[in-house]
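Asks: Here you go, sequence then predicted model.
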There are 2 protein chains.
Amino acid sequence: MVNRINSESSESAPLVVVGSVAFDNVITPHGSKDGILGGAASYCSFAASYFTEPRMVGVIGNDFGDEYLSRLKNRGIDLEGLQRDDTGPTFFWKGKYHENFNRRDTLDIQLNVFENFRPDLPDNYLDSKFVLLGNIHPSLQMHVLDQLHGDSFVVADTIDLWIETERNALLELIKRVSLFVINDSEAEELTGESNIILAGTKLRTMGPQSVIIKKGEHGAMLFHEEGNFALPAYPVTELRDPTGAGDSFAGALIGRLASRNRMDFHAIKEAILYGTCTASLTVEAFGCDRLESAGCAAIEDRVTELKKFISLD
Amino acid sequence: MVNRINSESSESAPLVVVGSVAFDNVITPHGSKDGILGGAASYCSFAASYFTEPRMVGVIGNDFGDEYLSRLKNRGIDLEGLQRDDTGPTFFWKGKYHENFNRRDTLDIQLNVFENFRPDLPDNYLDSKFVLLGNIHPSLQMHVLDQLHGDSFVVADTIDLWIETERNALLELIKRVSLFVINDSEAEELTGESNIILAGTKLRTMGPQSVIIKKGEHGAMLFHEEGNFALPAYPVTELRDPTGAGDSFAGALIGRLASRNRMDFHAIKEAILYGTCTASLTVEAFGCDRLESAGCAAIEDRVTELKKFISLD
């Protein structure tokens, strides 16, 4: 029995999460670690698993041992959509963070089995009412949307690489997105606006119903037809490894929405709170370690604390 | 009759504001303007004047014409403590902001009559219960505190120059400060902590009862014995000239507190809201222009808007 955070709603709606699964070697100013279970789909699914049972779609290679599968299963993640490709190893990334963590360099990247990945959904995933498209190639993200039956609430993330190399495909994709999640520098790159309010407002005119701009330690901002919303970050003092923070944010956000089967303005604001607090746990250890083991109470305690931190009362 | 924002309290307590009065030449990426009425005391007093009648202490030179005095008088600022020194011109500063306004260079600085300024308070200012020490030399700030009768609620601001050149005097001063206001890069410089939570926590151990760290477009954070508090900035889209934003913030903050004769945690949080919104007006035009002419309703509208912007409801 997997512990999940109870929502007041008894009805949760199915959620599918699509993204990369990777092994990461991470170097930070405070240390380094090799062979970390990573990739957007892993972080997103772990984070979402605190709220609902995510259906995970990705690809693993011939080096992905049972111990890793067990870690995902133990958090109650549905692995029917996780493809195994025995022709090669799992996607590999090696990166190094600079002093203060504000910049990182990719030192090595090996696509391996991810190179031929096609996110075909199992038949019984096609009714997923909530969809999280991790930051994979926009044409793969689009392929997921083309398979789904009916209207879904679609959250999509991206990275600077696709803004620079696949701008048109990305612009097509975001027209079909309900909630587009992007960080501040990417938002500027995509819109040409350095003012975050103007950038968020402009992004909404490009298709997505709403937009979240992530500002790292400075929090996040939501742009929605019913209004805008700003939330400071949870006050982290022990930053160890920022990898996966954005994925954890998005995973917890949509996990919370799916668990309540809600997608309105108020619910999105509340879900940002959960996303922020879940991501704050991720960054306190290398890889998924802290995220995976944190437990529901740690997330709920931080939500309570963050609410107090922003309260005028 | 000067328009002021009504507080629910009928009793306001006297406030004295001490700082520089200057003429500024400002160059921004969008234009430039010469001979702007500036200096910390001007911005602080204009901002405070929306809440109470500030007693302004500073020095002006032989080039400070009646039209400038009228502008201050028209906002109901008490000018008995404003010294005139006819031996030379008013303090002069020329600065240039870089693209995106995140950096500025001082191109010229002429202390003029400010060089011999000594902030001696008129006798009837000595009972000021609220004191705002603008970012002048720490020994001048200390001289103000030495004259006051009784316990006052003291807000002090500083700049990187004093951290670099007058560190010991500054450390002595802040032991006597109730609420120390500093920006994020200065907080790092003074504490050696790049994490803002750690920097704010450490600053409190250095003497001040509470600390506000200003993060510009990312808002402000309060560190107080009853808890911490984070407030996003008011969402400004038309940044014209950031000069005086910090002074406007501090002026409105203490003006609000003085007008309510309160200095508790809840009141400080509410005053930060007013400080943020008042500063957001200042930066929308060169110098004091927008601040001076904004009117109470503009501030109150922004307070309402900012409350909505941060509301989870």
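Replies: All right, it came through fine. Residues are numbered from 1 along each chain as shown, chains lettered A, B, ... in the order given.

Asks: Counting neighbours, what do you get for A:Ala220?
Replies: By the measure other Cβ atoms under 10 Å in any protein chain shown, the count of residues near A:Ala220 is 25. C-beta coordinates here come from the backbone N, C-alpha and C atoms, glycine included.

Asks: With A:Lys175 instead?
Replies: 9.

Asks: contacting residues around the nearest residue to it once chain neighbours are set aside?
Replies: Nearest non-adjacent residue to A:Lys175, counting by Cβ to Cβ, 6 or more residues apart in numbering or on different chains: A:Gly207, 3.5 Å away. Neighbouring residues of A:Gly207 by Cβ atoms under 8 Å, 6 or more residues apart in numbering or on different chains: A:Leu171, A:Ile174, A:Lys175, A:Arg176, A:Val177, A:Phe180.

Asks: What about those residues, which are in helices?
Replies: The members of these that map onto helices under DSSP state H are A:Leu171, A:Ile174.

Asks: List the residues that contact the residue nearest the centre of chain A.
Replies: By Cα atoms, centre = their mean, chain A has its centre lying nearest to A:Asp247, at 2.5 Å. With contacts defined as Cβ under 8 Å, 6+ apart, A:Asp247 is in contact with A:Gly19, A:Ala40, A:Ser42, A:Tyr43, A:Cys44, A:Ala47, A:Gly134, A:Asn135, A:Asp157.

Asks: Secondary structure and pLDDT for those - can I get that in a markdown table?
Replies: Converted to a markdown table, the contacts of A:Asp247 look like this (DSSP: H, G, I helix; E, B strand; the rest coil; pLDDT from 0 to 100):
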| residue | secondary structure | pLDDT |
| --- | --- | --- |
| A:Gly19 | coil | 97 |
| A:Ala40 | helix | 97 |
| A:Ser42 | helix | 98 |
| A:Tyr43 | helix | 98 |
| A:Cys44 | helix | 98 |
| A:Ala47 | helix | 98 |
| A:Gly134 | coil | 95 |
| A:Asn135 | coil | 92 |
| A:Asp157 | strand | 95 |
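
Asks: restrict those residues to those near chain B?
Replies: Among those, no residue sits close to chain B (Cβ under 8 Å from any Cβ of the partner chain).

Asks: Neighbour count added to the residues you listed, as CSV?
Replies: As requested, those are exported to CSV (neighbours: other Cβ atoms under 10 Å in any protein chain shown):
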residue, neighbour count
A:Gly19, 27
A:Ala40, 27
A:Ser42, 33
A:Tyr43, 34
A:Cys44, 36
A:Ala47, 35
A:Gly134, 30
A:Asn135, 23
A:Asp157, 27
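
Asks: neighbour-wise, which of the contacts of A:Gly207 leads?
Replies: The most crowded member of the contacts of A:Gly207, judged by other Cβ under 10 Å, is A:Phe180 (28 neighbours).

Asks: which residues does that residue bridge with?
Replies: In this entry, A:Phe180 is beta-bridged to A:Ala156, A:Val211, by DSSP bridges.

Asks: Do you know the pLDDT at whatever residue of the stretch 1-150 of chain A ends up closest to chain B?
Replies: Closest approach between the stretch 1-150 of chain A and chain B, counting by Cβ to the nearest Cβ: A:Asn100, at 5.5 Å. The confidence metric pLDDT takes the value 77 at A:Asn100.

Asks: surely it meets B:Glu193?
Replies: No - A:Asn100 lies out of contact with B:Glu193 (Cβ atoms under 8 Å); the separation is 11.2 Å.

Asks: ok, these two, which is more surrounded?
Replies: In this view A:Asn100 and B:Glu193 are compared by other Cβ under 10 Å, and B:Glu193 has more residues nearby, 16 against 12.

Asks: Now do the nearest residue to A:Ala230 once chain neighbours are set aside: how many residues are near it, please.
Replies: Using Cβ to Cβ, 6+ apart and skipping residues adjacent in sequence, the residue nearest A:Ala230 is B:Pro232, 3.7 Å away. Applying other Cβ under 10 Å, we find 24 residues neighbouring B:Pro232.

Asks: quick one: B:Pro232 from B:Asn195, how far?
Replies: 19 Å (Cβ to Cβ, to the nearest Å).
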